[in-house]
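# Fold the following, please.
(2 chains)
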Amino acid sequence: MRVLSVVRREFLERVRTKAFLIGTVLGPLLLAALTIVPGLLMSRAGKPLKVAVLDEDGSLSGPVRTALSAAKVAGNPRFQVHDVPGDRKALDEAVLDGRIDGYLRLPQGALDAAQVEYHAKNVSNLPDQRIMDNAVEQAFVKLRLAREGLAADKLDAVTKRLDLKTLQVTQAGSREDKGAGFIVSVVMLMILYTSMLMWGQAVMSSVIEEKGNRVLEVMVSSISPSELFAGKILGVGAASLAQFLVWTLAGMGASLYAGAAAGGLNLPSLGPLVWGSFVVFFLLGYFYYSAMYAAVGACVNTLQEAQNLMFPVMLPIIAAMVSFPIVLRDPDGTLSVVLSLIPPLAPLLMFLRIATVPTPAWQIALSIVLLLLAIGAVNWIAARIYRVGILMYGKRPTFPEMMRWVRHR
Amino acid sequence: MNDIAIRLQGVRKAFEGHVAVHELSLDVPKGCVFGLLGPNGAGKTTTLRMVMDIIGPDAGTIDILGRPADRSARDRIGYMPEERGLYARMQVGEQLLYLAELKGCARADAQKRLSPWLERLGLGEWEKRKLNELSKGMQQKTQFVATVLHDPEILILDEPMSGLDPVGMNLMKDVLVEMSRAGKTLILSSHQMETVEKMCDRVALIHRGRKVLDGTVAEVKKQHGQNAVVMAFEGDGRFLETQPGVASVNHFNNYVELRLGPGADPQALLKAAAEKLRLSRFELVEPSLHDIFVEKVTAAGETLPGEAAGGKV
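Predicted structure coming up:
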């Protein structure tokens, strides 16, 4: 099969480039940087901060120390309260020689002025400072309430803080989602979008290069243009799938790692359906768009000339990227369902729905069937434009001319 | 039993606005070196592209090796297009094997033939280099190897000599003669008739998509007689134009080629020339194909329907 020779060449030519290697490796590295590194940092930061309390007021030290000792992050105490006797000067020295990380200064009348100072070498540790702020505030509220005569045993109940948990309801049961599900699905959508564009344009520029090399006349004297077309789309597709699979596996690995890292990180663990449709919709989108890009490449002589013709090809992708917030806000709404069934939009929007809400199987199946039909039609038309276009040099054809090529013989 | 390599019958191709090839019929016998000659735009490349099924004819039939042309018949042809082109960033050897594979040739067979061909054309050390690291001349030679690596029985070379330096041309000529001796059928197309006429057994001259004449080179020349004269001399040769019996003169400073009209006497011309010039050469020769072509086209100007009756269509 000569098509296989073309597929083989197209695949190898692409896979051997530095850009491919870098792209393939860089994706997972970035993912690792985004998931594993914060995880590592978090576990290192897990060592509690050594703090002391300098109570100049004289009556606040006890409750504040209790509150600080009680402050927890992911089940671990955040602060270790040390006893360092002496005044500010002694404590400053303790900070400087590293015996403590910092100290809280509660000035005279701090309770009413609601002013407390934190002295430390590192004062840009915002998350910890927020925890400290909360703890001290809790302590102060309790102290004020006690001063107003509220019974000590009721204080905890009165000052209980609200903990709003968001839970996603799925067939597999509820799972807690800390808002990362949203971010993850949008990130995956972006990866789909850029991959489809990138590989579609790779097909286009390789057609333009072949035209520029004038190698096509030699090719077409050996194999038919439709075989060449099919071989190119399949070969580049195989390379793109290889890269995409590496990325997907890295993503799955990262999400498993994050899931194993005991809730420290907020990556939701995505189900096999989401990962599967990530790959399937990438491939479907690739076959839809790369055929169009191949036809555009066949109609032009240079990349610059391609710019104008590329716009109508990219229009649906742009439309999908503009309308995805609608789908995200109301994934089950009629508009979202309709949008996600339109073939050019489906690779992005149906995937987004699958990633965010449980989507009815028939809708997924219908979108895939419609997309396959559209891929068939687009490839048929594109192959016919390609067949004529690759041997035409000179003026870029007008749209009616291209339509004539499609009908031609 | 069929000894025709390629037969065209009534082949016609029109593009928007003009007819590139009019009802062209040609027979290329097996084993011959066939010259398809004519000026730029005569329809040579269009004809060859139809033979290779790069474009389809509007009418007529094309037979290859005695069968209607199909892919397996075309696999037995090596085609070097006028527009040379290969993958710039692909290694020479790999690229050649790939192109042979696309011709239905097993990779192992192509691999066996690769080194001898590269050596023959002086490309031995360049097998692992990318094409764009090669000089223009070497790229041309690589293109030629791409044409022959699948061991075709028929070679179609569109302007085989263009872009080659004299050394390259000589090498190309030697290789083509070897291939002809090995029994291959060669079709050479060119607008520079002098460069290929010495190699051809048979020629077809085409002009504006029509065949003006064809036959063996000997036949063609015989039909036109020994009515050409070349002279080398010192002096002013302009008076030659007005000599009786001289049909046309082509001046090259101290050298002229002239054609005699029907019934003219070369002796009278020699006498007249010897009186006015210091002759160092006076020779009666066969006309070149180019001269025959020019004569045919100008003479047929009134009678060829395509030109005379152009307004009637």
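
# Check the offset of stretch A:324-340 from the chain's centre.
19 Å (C-alpha atoms, centre = their mean, to the nearest Å).

# Which residue would be the closest one in the stretch 101-250 of chain B to chain A?
residue B:102 (4.0 Å; C-beta to the nearest C-beta). In short, each C-beta sits where N, CA and C put it, glycine included.

# Could you give the number of residues near that residue?
23 (other C-beta atoms under 10 Å in any protein chain shown).

# I'd say it and residue A:6 touch.
Yes. Judged on C-beta atoms under 8 Å, residue B:102 makes contact with residue A:6 at a distance of 7.5 Å.

# overlap in contacts of these two?
Taking C-beta atoms under 8 Å, 6 or more residues apart in numbering or on different chains as the contact rule, residue B:102 and residue A:6 both touch residue A:223.

# Tell me how far residue B:21 lies from residue B:215.
Remark: distance between residue B:21 and residue B:215 (C-beta to C-beta, to the nearest Å) = 20 Å.

# Residue A:223 and residue B:102 touch, don't they?
Yes. Taking contacts as C-beta under 8 Å, residue A:223 lies within contact range of residue B:102: 5.4 Å.

# Overlap of the contact sets of these two?
In contact with both residue A:223 and residue B:102: A:2, A:6, using C-beta under 8 Å, 6+ apart.

# Run through the residues that contact the residue of the stretch 101-250 of chain B closest to chain A.
Contact analysis of residue B:102 by C-beta under 8 Å, 6+ apart lists A:2, A:5, A:6, A:219, A:222, A:223.

# can you redo those residues as TSV with secondary structure and distance to chain B?
Compiled in TSV, those are given as follows (DSSP: H, G, I helix; E, B strand; the rest coil; distance: C-beta to the nearest C-beta, whole Å):
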residue	secondary structure	distance to chain B
A:2	helix	5
A:5	helix	5
A:6	helix	7
A:219	helix	7
A:222	coil	4
A:223	coil	5
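
# Any idea how far apart the tips of stretch A:390-397 sit?
Using C-alpha to C-alpha, to the nearest Å, the end-to-end distance of stretch A:390-397 comes out at 12 Å.

# Apologies, that question was intended for stretch A:294-311.
14 Å.

# what do you get for stretch A:106-123?
17 Å.

# Which positions in it come out as buried?
A:106, A:110, A:111, A:116, A:118, A:119, A:120 (16 or more other C-beta atoms under 10 Å in any protein chain shown).

# With neighbour numbers in mind, choose between residue B:21 and residue B:215.
A side-by-side neighbour count of residue B:21 and residue B:215, using other C-beta under 10 Å, places residue B:21 first with 27 against 14.

# Just to check, that one is in contact with residue B:15?
No. Residue B:21 lies out of contact with residue B:15 (C-beta under 8 Å); the separation is 9.9 Å.

# Can you pull out the low-pLDDT segments for chain B?
B:1-2, B:299-313 (pLDDT under 70).

# Show me how far the one helix or strand residue B:99 maps to is from its chain's centre.
In the assignment (DSSP states H and E), residue B:99 maps to helix B:92-102. The chain centre lies 26 Å from the centre of helix B:92-102; the measure is C-alpha atoms, centre = their mean.

# Quick one: list the elements packing against the next helix or strand after it.
Following helix B:92-102 in sequence order, the next helix or strand is helix B:107-120 (DSSP H and E). Helix B:107-120 makes packing contacts with helix B:92-102, helix B:136-148 when contacts are defined by 3 or more C-beta pairs under 8 Å, 6 or more residues apart in numbering or on different chains; DSSP states H and E.

# Return the set of buried residues in helix B:107-120.
So for helix B:107-120, counting by 16+ other C-beta under 10 Å, buried means B:110, B:113, B:114, B:117, B:118, B:120.

# Restricting the selection to alpha carbons, write it to CSV.
This file holds the C-alpha atoms of helix B:107-120, laid out as CSV (Å, rounded to 0.1, in the frame of the first residue of the first chain):
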residue,chain,number,x,y,z
ARG,B,107,12.5,-1.1,-0.8
ALA,B,108,15.1,-3.8,-0.8
ASP,B,109,15.3,-3.7,-4.6
ALA,B,110,15.7,0.0,-4.6
GLN,B,111,18.3,-0.2,-1.9
LYS,B,112,20.4,-2.5,-4.0
ARG,B,113,20.3,-0.1,-7.0
LEU,B,114,20.9,3.0,-4.9
SER,B,115,24.6,3.0,-4.3
PRO,B,116,25.6,2.1,-8.0
TRP,B,117,23.4,5.0,-9.2
LEU,B,118,24.7,7.5,-6.7
GLU,B,119,28.3,6.4,-7.5
ARG,B,120,27.6,6.7,-11.2
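
# Need the residues that contact that helix.
B:92-93, B:96-97, B:100-101, B:124, B:126-127, B:145, B:148-151, B:175.

# one more time with 10 Å, if that's ok
Residues outside helix B:107-120 that contact it (C-beta atoms under 10 Å, 6 or more residues apart in numbering or on different chains) are A:5, B:92-93, B:96-101, B:103, B:105-106, B:123-127, B:141-142, B:144-146, B:148-151, B:171, B:174-175, B:178.

# Stretch A:136-155 now?
Residues contacting stretch A:136-155 (C-beta under 10 Å, 6+ apart): A:53, A:59-60, A:62-68, A:70-71, A:104, A:106, A:110-112, A:114, A:116, A:118, A:156, A:158-161.
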